[in-house]
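Peer 1: here is the input, now give the coordinates:
(2 chains)
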Amino acid sequence: MSFLGLAHCSLPPQAESLRQEVREFLAGALAGRGAAARAQSWDGFDPEFSRSIGARGWIGMTWPRRYGGAERSALERYVVIEEMLAAGAPVSAHWFGDRQTGPLLLRYGTEAQRVSILPAIARGELFFCIGMSEPDAGSDVAAIRSRARRVPGGWELSGAKVWTTNAHRAHSMLGLFRTAPEAAERHAGLSQFLVDMRSPGVSVRPITDMAGREHFNEVRLDQVFVPDSALVGTEGDGWAQVMAELAYERSGPERYLSGVQLLLELVRAAGPAAGERARVAVGRAVASMVTLRQMSLAIAGMLEAGANPAQEAAIVKDLGTAFEQSLPEVVHELLGVEPDRAADTDLGRVHAVLLELAPCFSLRGGTREVLRGIIARGLGLR
Amino acid sequence: MNETRALLGETVDRILRDAVDDRLLAGAERDEWPQALWQTVVESGLAGVLSAEGAALGAGWPEAFDIVVAAGRHCAPLPLPETIACVWLLSAAGLEPPGGPVALAATSDEDMRLARDGSGWRLAGTAARVAWGRRATHAVLTATVGAERFVVCAAIADGLVSPGENLAGEPRDTLAFSGAAVAAAPLPAALAGVDTRALGALMRAAQIAGAVQAVLELSVSYANTRRQFGRPIGRFQAVQQSLAVLAAEAAAARMAAEHAFFLVASGGRVEDAAAIAKIRAGEAAGRAAAIAHQVHGAIGFAREHRLHFLTRRLWSWRAEFGAETAWADRLGRDAVARGGDGLWPWITGALSGAHTAETET
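Peer 2: Here you go, the predicted structure:
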């Protein structure tokens, strides 16, 4: 039991010169993007923006060149994505392919899958969604009931997925399906498949969130045929593959930067003559942010070194989402004004946006309770 | 981690773990001085890790971090972190470290006045709640004369010591000087903003990181052995979730303090580093102590259990050399001065240790 594995990591000089390049590009590309839009970086779906950064080699940048990558380090990628998030760039379209599907295919995919899919993701032309949760399988992923049945030449998929971000605008889904009936070992018999979202039998219905936004969906699969070549990795090993995928999902700077626009607007509005209460609140937030950033960087360093920091990533996500969720509360404490989406200040609008967005921070990618269970297992308590 | 660092880290952990038991700690609260342990610490080169001799052996801030964390983890009843910091400050100003235990006095120019006296210097004023003042041979502080900042080294024997203590029974003494002859030298330009309060905060943050780690270890071990309702209490999800929060706080405190030492080593502002570390480690100290006591139940509240050696220190240390609020005010002032456009470049630049990358706005 030790978290000394979270070793301090500093960025190499080439990562810092890359930062300036990214910053200059974003200053031009995002000029005129409003504060409320910046505050929803993840919900910003902009294929043209994704293609433009793909052209600069900033998607799949750690992947081998033969698959369209740039063979840069995980720390250089870290710099690119933290700059994107801090600037509030519309990253949603390429995000899942870059963060999850690509690395997963690199690790488990066939050569044919890699060659046909990875370069298109890296160009910012092929967008993925993730088919994991189901109506009766949220935190309990092993409870999924969507099935894959062997048919001549391939598989037939049936079932329903929910909370599938971008299903209505992604080209492909990487989905988890049951290929053998649930047995005593619940984690056995699961497999991952690539699904073309235009396949006959796929239907997508939006699920409107509480603020009226449409970003996630219910996906129904009714006897959808996929060829043998759509199986990713090994039949029956889907659980282990999905767990590896979640380690990528839990380790990035997006786990503490979702609320950063609110802090920036607070500092902007407070001004250099800010009173003591505002200064103390901002000072505490800065100390937390610097610490979380170093923790998140430490994980990037561990991934770069080939480690699997599942427990450490759970710690960073738990602390990071708690920090993100604290920021709307800080602003409420300081200003005490009614939240208003049509407020006449950037701070007011961003506050309203984040209040309605913040509950999902500690749900998506593993709930707080699930993460703390993972940490407790690391402590030897279960 | 390189070999020098790993070896030194293991050595200091072993020395302190073997020597500092409940009996020694109880004795320290009765004002007993563990001279043999201090001797071992000095002879092992731990107190001088940031001296020229330490540097010659390849040691520096990362090694100092490990030593101070270990001092916190084992509640070492010695002015070891203070001496390490003072030796660094004296060496940076070209003054010879005195060799014995040194106290770090966080004073303002209103508390202490430094004045020229011929070719020497004289010191007058009071330093309140100086850690280990009665046990140190010298006290180190910073003072302003004209527009210049000085490092001052005063012999304790030339002043008056009024004893006091913190919650954990560690000496926190008031030192009074009335025109004592002292050694003084100007701070190098690169360290012009450094004061002893910031250095002390940096040390306390690392000690807190060590003590929170120890609190976590004690709590997990207790949860795995204490049985209620027919099973170890650590099998209950409610207890598991609390301990997970404690583990996260331990990781955060450690990273905040380690990053602060890294910032200083890479030429960053000591005040920025101290602020980040003291704020985040101070927050962790309060949360960790509360969770540990809740998990330990009644026995953790009893004098006979060792938890209080750690938690009473955590409550004192988080307030010494400035509490979270004071440091947050200072860091927040710098943040609002930079504005909304300057904040992120500051975080990824100077506060990251990447000094060339910050684009001033």
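Peer 1: tell me which helix or strand of chain A sits lowest on mean pLDDT?
Peer 2: Across the helices and strands of chain A, mean pLDDT, DSSP states H and E gives its lowest value to helix A:238-249, namely a mean of 82.
Peer 1: only alpha carbons, please: show that helix as CSV.
Peer 2: The C-alpha coordinates for helix A:238-249 follow below in CSV (Å, rounded to 0.1, in the frame of the first residue of the first chain):
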residue,chain,number,x,y,z
GLY,A,238,-13.7,-7.5,-23.4
TRP,A,239,-13.7,-6.8,-19.7
ALA,A,240,-9.9,-6.6,-19.4
GLN,A,241,-9.8,-4.5,-22.6
VAL,A,242,-12.5,-2.1,-21.3
MET,A,243,-10.6,-1.7,-18.0
ALA,A,244,-7.5,-0.7,-19.8
GLU,A,245,-9.6,1.7,-21.9
LEU,A,246,-10.9,3.3,-18.7
ALA,A,247,-7.4,3.9,-17.4
TYR,A,248,-6.9,6.2,-20.4
GLU,A,249,-10.2,7.8,-19.7
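Peer 1: neighbouring contacts of the next helix or strand after it?
Peer 2: Downstream of helix A:238-249, the next assigned helix or strand under DSSP states H and E is helix A:254-257. Outside of helix A:254-257, the residues within contact range by C-beta atoms under 8 Å, 6 or more residues apart in numbering or on different chains are A:42, A:81-82, A:85-86, A:289, A:292-293, A:296, A:316-317, A:319-321, A:323-324, A:365. Every residue, glycine included, has its C-beta placed from N, CA and C.
Peer 1: those also near chain B: which ones?
Peer 2: Counting by C-beta under 8 Å from any C-beta of the partner chain, A:82, A:86, A:289, A:292-293, A:319 from the contacts of helix A:254-257 sit close to chain B.
Peer 1: so what's the residue count around the residue lying closest to A:Arg178 once chain neighbours are set aside?
Peer 2: The shortest distance from A:Arg178 to any non-neighbouring residue, by C-beta to C-beta, 6 or more residues apart in numbering or on different chains, is to A:Arg147 (5.1 Å). A:Arg147 has 16 neighbours, counted by other C-beta atoms under 10 Å in any protein chain shown.
Peer 1: my guess is A:Arg147 meets A:Gly175, correct?
Peer 2: No: in this structure A:Arg147 lies outside contact range of A:Gly175 using C-beta atoms under 8 Å: 11.2 Å.
Peer 1: shared neighbours, those two?
Peer 2: Joint contacts of A:Arg147 and A:Gly175 (C-beta under 8 Å, 6+ apart) are A:Leu157.
Peer 1: residue ranges with poor pLDDT in chain B?
Peer 2: B:1, B:355-361 (pLDDT under 70).
Peer 1: let me see the domain layout of it.
Peer 2: B:3-186, B:196-348 (automatic domain parsing).
Peer 1: name the residues of the helix or strand B:Pro345 falls within that are buried.
Peer 2: Taking DSSP H and E as the definition, B:Pro345 sits inside helix B:324-348. For helix B:324-348, a neighbour-count test (16 or more other C-beta atoms under 10 Å in any protein chain shown) marks B:324-336, B:338-340, B:342-348 as buried.
Peer 1: out of these, who's near chain A?
Peer 2: B:324-325, B:327-333, B:335-336, B:338-340, B:343-344, B:347-348.
Peer 1: where do the helices of the stretch 51-200 of chain B begin and end?
Peer 2: If you assign secondary structure with DSSP state H, counting those that start in this stretch, the helices in the stretch 51-200 of chain B sit at B:52-56, B:61-73, B:80-92, B:196-225.
Peer 1: can you tell which of the ones you listed is closest to chain A?
Peer 2: Of all the helices of the stretch 51-200 of chain B, the one in closest proximity to chain A, counting by C-beta to the nearest C-beta, is helix B:196-225 (5.2 Å).
Peer 1: any buried residues in that closest one, and which?
Peer 2: So, applying 16+ other C-beta under 10 Å, buried residues of helix B:196-225: B:196-220, B:222-224.
Peer 1: returning to that earlier point: who are the packing partners of the helix holding B:Pro345?
Peer 2: helix A:74-87, helix A:260-270, helix A:276-304, helix B:270-296 (3 or more C-beta pairs under 8 Å, 6 or more residues apart in numbering or on different chains; DSSP states H and E).
Peer 1: thinking again about what came up before, are any of the ones next to chain B among the contacts of helix A:254-257 buried, and which?
Peer 2: A:82, A:86, A:289, A:292-293, A:319.
Peer 1: circling back: just the domains of chain B: most buried one?
Peer 2: domain B:196-348 (a mean of 22; mean count of other C-beta atoms under 10 Å in any protein chain shown).
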